[in-house]
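K.L.:
Got a sequence here, can you model it:
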Amino acid sequence: MAKVKWALDPTHSEIHFKVKHLMISNVSGKITKFDASVETEEEDFTTAKVSFSAEASSVTTFNEQRDQHLQSSDFFDTAKFPQIKFTITKLESEGAENYEVYGDLTIRDITKPVKFAVEFGGVIKDPWGNTRAGLTIEGKINRKEFGLVWHAVTEAGGLVVGDDVKLHAELEFVKAS
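P.N.:
Here you go, the predicted structure:
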């Protein structure tokens, strides 16, 4: 079988997150600078080998003060740990379009195994003759496991920032020619 390389289409890809604020609502944000490449056997994504990296300083909640705090040593410490990385270790089929992907996520040079749900959107030729593939990824991580341990407690005893971070990604890849 021939190996096929796929490049991320950044104009049709996005990564979002949500984390509880004061345990009553969510704060949303996104990662704006990231890259991924995929290698498959033919166009079979069940054989995918993935390399993903993101610039930690590109994490934004669209609030300048909060974003500066996220870049500080209380959270990502982007001066010391500029990259977030993910590598697949195993992919399990949950049906024709659904998969569980297992891998190693690295934040602040702390690597932990994680699992994400993946919905495979399929492979299609676009109007310009390019072959494209789409993936929707959902998951949740505990931020404290990756050294993002800052916390504060409200007067009533509730947490200011929740521990769990929900992740949602829409990724589109283009087959290399």
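
K.L.:
contacts, neighbours, all on C-alpha from now
P.N.:
Will do.

K.L.:
Look at residue 75 and give its secondary structure.
P.N.:
coil (DSSP: H, G, I helix; E, B strand; the rest coil).

K.L.:
got the contact list for it?
P.N.:
Applying Cα atoms under 8 Å, 6 or more residues apart in numbering to residue 75 gives the contacts 69, 147-150.

K.L.:
Take the residues you listed and write them to TSV, including pLDDT and secondary structure.
P.N.:
Below are the contacts of residue 75 laid out as TSV (pLDDT from 0 to 100; DSSP: H, G, I helix; E, B strand; the rest coil):
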residue	pLDDT	secondary structure
69	94	helix
147	92	coil
148	89	coil
149	88	coil
150	85	coil
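
K.L.:
Just flag the most distant two among these.
P.N.:
Using Cα to Cα, those span at most 14.5 Å, a distance reached by 69 and 147.

K.L.:
Which one of these two is surrounded by more residues?
P.N.:
Neighbour count, other Cα atoms under 10 Å: between residue 69 and residue 147, residue 147 has more, with 17 against 13.

K.L.:
Quick check: pLDDT value at the closest residue to the more buried one other than its chain neighbours.
P.N.:
Distances taken as Cα to Cα, 6 or more residues apart in numbering place residue 108 nearest to residue 147, at 6.7 Å, with adjacent residues excluded. Here the pLDDT value assigned to residue 108 is 97.

K.L.:
neighbours around residue 108, how many?
P.N.:
The local packing of residue 108 (other Cα under 10 Å) involves 20 other residues.

K.L.:
Under the pLDDT cut-off, which ranges of the protein? List them.
P.N.:
Confidence mapping of the chain against pLDDT under 70 gives the ranges 154-159.

K.L.:
doesn't residue 1 make contact with residue 40?
P.N.:
No - taking contacts as Cα atoms under 8 Å, residue 40 lies outside contact range of residue 1: 9.6 Å.

K.L.:
Comparing the two, which shows the higher neighbour count?
P.N.:
With neighbours defined as other Cα under 10 Å, residue 40 and residue 1 compare such that residue 40 has more, 18 against 6.

K.L.:
OK, contacts around residue 172?
P.N.:
So residue 172 contacts 8-10, 12-13, 132-135 (Cα under 8 Å, 6+ apart).

K.L.:
Now intersect these with the strands, please.
P.N.:
Secondary structure from DSSP state E places 8, 132-135 of the contacts of residue 172 in strands.

K.L.:
Now the residue nearest to residue 39 when sequence neighbours are not counted: which helix or strand?
P.N.:
Using Cα to Cα, 6+ apart and skipping the chain neighbours, the partner closest in space to residue 39 is residue 5 (4.5 Å). Assigned by DSSP states H and E, residue 5 belongs to strand 3-8.

K.L.:
what about residue 45, distance to residue 77?
P.N.:
As judged by Cα to Cα, to the nearest Å, residue 45 and residue 77 stand 34 Å apart.
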